[in-house]
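Participant: the sequence and its predicted three-dimensional model are supplied below.
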Amino acid sequence: MGVSLVVILAGVYVFKSCRDLPGEALDRTGKLVKQAGEQARKVAAAFNRGTITTTFTSYATTLTGSEYFQFATLSQTEVFTRRDEASTAFGFVPLPDVVVQASAPVTYTYYLDFNGHWDFHLEGGVIQVTAPIIQFNKPAVDASRITYEVKKDSVLRNSAEAVASLKESITALSYLKARSNVSLVRETGRKEVETFVENWLAKSFTDGKAYAVKVQFRNELRADGTKRLATPAEGPRVIP
């Protein structure tokens, strides 16, 4: 009798489970569809609430462990030249120029500040990102590999003084070179930031992959928001 009772109860349980299964499955499916529909509006809702910039900055700083997004390292062998202009002896005798040259490997590192001014705008399914201007660290000059050469000498001039003056100006000259190199790394920076923002959207929002990302830097814009080229006066801020 005990065995028969167990068999009967098992049969009843299986019958009830089979009967309830379609309804439960449909109910779960309906809830998942509803949740997916709610989550599919997360990016647009975040823009409407104005939380995109704050969320991005928090994510980026936490993910990288730094307040800077380093996107390019440029290594070059630089040649620095100094010309000592002609002077006069005894007030009227012209002296020839002295030209000295230094060659050294220099490494430049370029980055964006996550705590800088970032703007995000959703326009027709495309997220337009205005990033801070490109900045660079202090150029790393390999002092152990610097070589000096007197390109133009004169027995009437002291070339050693010209070499000493060149040595003192290497750091300043490398900063000028770092600034001029920004144009070389700008497109690399643009692509790296676009990829970074796309990954953030994909990880932070269910519908993040549905949006394309376009990046422009702040000094590429006019006051009215239209694009223009940066002027030398608006170059990057240098972090010593």
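Facilitator: Arrived safely, thanks for sending. Numbers count the residues shown, from 1 in each chain.

Participant: could you list the domains of this structure?
Facilitator: Following automatic domain parsing, one finds the domains of the chain at 1-39, 50-239.

Participant: ranking those by mean pLDDT, which is last?
Facilitator: Comparing mean pLDDT across the domains of the chain, the lowest value falls on domain 1-39: a mean of 46.

Participant: can you tell me how far Asn137 is from Ala143?
Facilitator: Using C-beta to C-beta, to the nearest Å, Asn137 is found at 17 Å from Ala143. (Each C-beta comes from the backbone N, C-alpha and C, glycine too.)

Participant: now swap in Ser103 and tell me
Facilitator: Distance, Ser103 to Ala143, using C-beta to C-beta: 12 Å.

Participant: more neighbours, the two?
Facilitator: Neighbours were counted for Ser103 and for Ala143 using other C-beta atoms under 10 Å; Ser103 has more, 14 against 10.

Participant: quick check: that one touching Val79?
Facilitator: Yes - taking contacts as C-beta atoms under 8 Å, Ser103 lies within contact range of Val79: 5.2 Å.

Participant: kindly tell me how buried Ala131 is, as a neighbour count.
Facilitator: When neighbours are defined as other C-beta under 10 Å, Ala131 has 24 of them.

Participant: what is it paired to in the beta sheet?
Facilitator: Assessed by DSSP bridges, Ala131 has beta-bridge partners Phe217.

Participant: is it true that it touches Asp113?
Facilitator: No - when contacts are counted by C-beta under 8 Å, Ala131 is not listed as touching Asp113 (9.4 Å).

Participant: name the helix or strand for the closest residue to Asp142 other than its chain neighbours, please.
Facilitator: Nearest non-adjacent residue to Asp142, counting by C-beta to C-beta, 6 or more residues apart in numbering: Pro105, 4.4 Å away. Per DSSP states H and E: Pro105 is located in strand 98-113.

Participant: can you tell me the strand partners of that strand and which way each runs?
Facilitator: Using DSSP bridges, strand 98-113 pairs in its sheet with strand 68-84 (antiparallel), strand 135-137 (antiparallel), strand 140-141 (antiparallel), strand 147-152 (antiparallel).

Participant: which parts of the first one are buried?
Facilitator: For strand 68-84, a neighbour-count test (16 or more other C-beta atoms under 10 Å) marks 68-69, 71-72, 74, 78, 80, 82, 84 as buried.

Participant: and for stretch 52-66?
Facilitator: Under the neighbour-count criterion of 16+ other C-beta under 10 Å, stretch 52-66 has 52, 56, 59-60 buried.

Participant: out of those, list just those in helices.
Facilitator: In helices, defined here by DSSP state H, the members of the buried residues of stretch 52-66 are 52, 56, 59-60.

Participant: name the nearest of those relative to Ser180.
Facilitator: Set against Ser180, the nearest of these by C-beta to C-beta is Ala60 (28.0 Å).
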